[in-house]
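*Asks:* Quick one, structure for this:
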Amino acid sequence: MSANLAASVVGTAAALLSITSFAPQIIKIWREKDASSVSLRTYVVTVTGFSCWIAYGVMIKAWPVIASNTACLLMSGAVLALKWRFGREDH
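*Replies:* Residues are numbered from 1 along each chain as shown. I've put the predicted structure just below:
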């Protein structure tokens with residue numbers, strides 16, 4: 001296997017795993033209608049980080065960086081939106 005092919009395989013696997021890593025959290029929140037255990041700060045930072053990666057990808061014109069981080073942004077953004085919708089504050 002050539003170095004370029006190996007790098008593409010590893011990069012694709014990394015992107016797919018990163019993107020799908022948010023799915024279990026989204027499914028759990030949606031089923032339970034409860035996001036009280038999800039850290040709002042963590043997902044605000046995560047969404048901000050993916051936004052920065054997208055900007056970086058645009059600056060260096062790297063479509064794999066842009067595409068994979070856009071998908072991650074959408075998934076982490078979904079968790080954040082569900083947190084706002086189903087987060088419970090116990091006062």
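
*Asks:* tell me the mean pLDDT over whatever helix or strand Leu82 lives in?
*Replies:* Using DSSP states H and E, Leu82 sits in helix 63-86. The pLDDT scores in helix 63-86 average 96.

*Asks:* and it, what other elements does it pack with?
*Replies:* Helices and strands touching helix 63-86, by 3 or more CB pairs under 8 Å, 6 or more residues apart in numbering; DSSP states H and E, are helix 3-20, helix 23-32, helix 40-60. Every residue, glycine included, has its C-beta placed from N, CA and C.

*Asks:* can you redo those as TSV with mean neighbour count, distance to Ser68 and mean pLDDT?
*Replies:* Below are these laid out as TSV (neighbours: other CB atoms under 10 Å; distance: least, CB to CB, whole Å; pLDDT from 0 to 100):
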stretch	mean neighbour count	distance to Ser68	mean pLDDT
helix 3-20	12	4	93
helix 23-32	14	15	97
helix 40-60	14	8	97
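
*Asks:* This completes my enquiry, with thanks.
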